[in-house]
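1. Everything below, folded, please.
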Amino acid sequence: MVTLVLRGLVAAVLAVLSFAVSPASAHAAQETLYLAEAVSRLPAGTESRDGYSRDRFRHWNTGDDPADGCNTRAEVLIAEAVDPPAITAGCRLSGGRWWSYYDATWVTTASGLDIDHMVPLAEAWDSGASAWTAQRREAYANDQGAATSLVAVTARSNRSKADQDPAQWLPPVADAHCRYAAEWTGTKLRWNLTADTAELAALSDLAAACPEQTVTYELAAV
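-> Residues are numbered from 1 along each chain as shown. Below is the predicted model:
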């Protein structure tokens, strides 16, 4: 009788532990909102770049699959290729074709592309990442958990953007603005980053111009 009771207690404890660490409880549910509502959920805040350095965000690391020999940059290029490149020893990419939506440009060499952090590292630092652990900043800088966090675009457009927010820079192709605003907003919501007054005003204007645009995001697990 005692043995049966003990077994029952052990089973109950294991069940509780299993629930506590289950994926469903560890990850928030994915949400899809209209852009205007998503913008309204952004926490307002002031920005400070004190202490910022790109070195505070370790990238590119070994990526989602360390066994494939590719770093995060290469994995994103492979994932976003319209026509896949050939992959040889050392994760060298040759051939392939990509669409840079910022400037509506086809690119046929991996070296002609940058991997843009949708919300730049400096902007993330300004908006809350300065208080994060090094582990969370590394996870942010290599985030492949959301397809919109990192995007392959022409080096020209990425360097034009630099570390500017939507109040300061938008893609040169006007048809890309709604998508860009949604991906920017979704990334900030995913990582619980703040937005300053000018940024919120710019995003609100974009939301008004893009009433049917939706934002899908899931909170980062790290």
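
2. who's in contact with the residue most central in space within the chain?
-> What sits nearest the mean C-alpha location of the chain, by CA atoms, centre = their mean, is residue 149, with 2.1 Å. Listed by CB atoms under 8 Å, 6 or more residues apart in numbering, the contact set of residue 149 reads 117-118, 140, 143, 187, 190. From N, CA and C alone the C-beta is placed, and that goes for glycine too.

3. One more: residue 77?
-> Residue 77 neighbours (CB under 8 Å, 6+ apart): 85, 93, 96, 98, 110, 113, 115, 152.

4. Can you say which helix or strand has residue 77 in it?
-> helix 72-80 (DSSP states H and E).

5. Please enumerate the strands of this protein.
-> 31-34, 86-88, 92-94, 98-100, 105-107, 113-117, 150-154, 214-217 (DSSP state E).

6. buried set for the third one?
-> Buried residues in strand 92-94, defined by neighbour count with 16 or more other CB atoms under 10 Å: residue 93.

7. Repeat that for the first one.
-> Of the residues in strand 31-34, 33-34 count as buried by neighbour count, 16+ other CB under 10 Å.

8. tell me what that strand is packed against?
-> Strand 31-34 sits against strand 214-217, with contacts defined as 3 or more CB pairs under 8 Å, 6 or more residues apart in numbering; DSSP states H and E.

9. coming back round to it: in JSON lines, list the strands of the chain along with distance to residue 208 and mean pLDDT.
-> Output for those, formatted as JSON lines (distance: least, CB to CB, whole Å; pLDDT from 0 to 100):
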{"stretch": "strand 31-34", "distance to residue 208": "11", "mean pLDDT": "97"}
{"stretch": "strand 86-88", "distance to residue 208": "44", "mean pLDDT": "96"}
{"stretch": "strand 92-94", "distance to residue 208": "41", "mean pLDDT": "96"}
{"stretch": "strand 98-100", "distance to residue 208": "27", "mean pLDDT": "98"}
{"stretch": "strand 105-107", "distance to residue 208": "28", "mean pLDDT": "98"}
{"stretch": "strand 113-117", "distance to residue 208": "25", "mean pLDDT": "98"}
{"stretch": "strand 150-154", "distance to residue 208": "24", "mean pLDDT": "98"}
{"stretch": "strand 214-217", "distance to residue 208": "15", "mean pLDDT": "98"}
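
10. Just tell me which of those ends up closest to residue 130.
-> strand 113-117 (15.6 Å; CB to CB).
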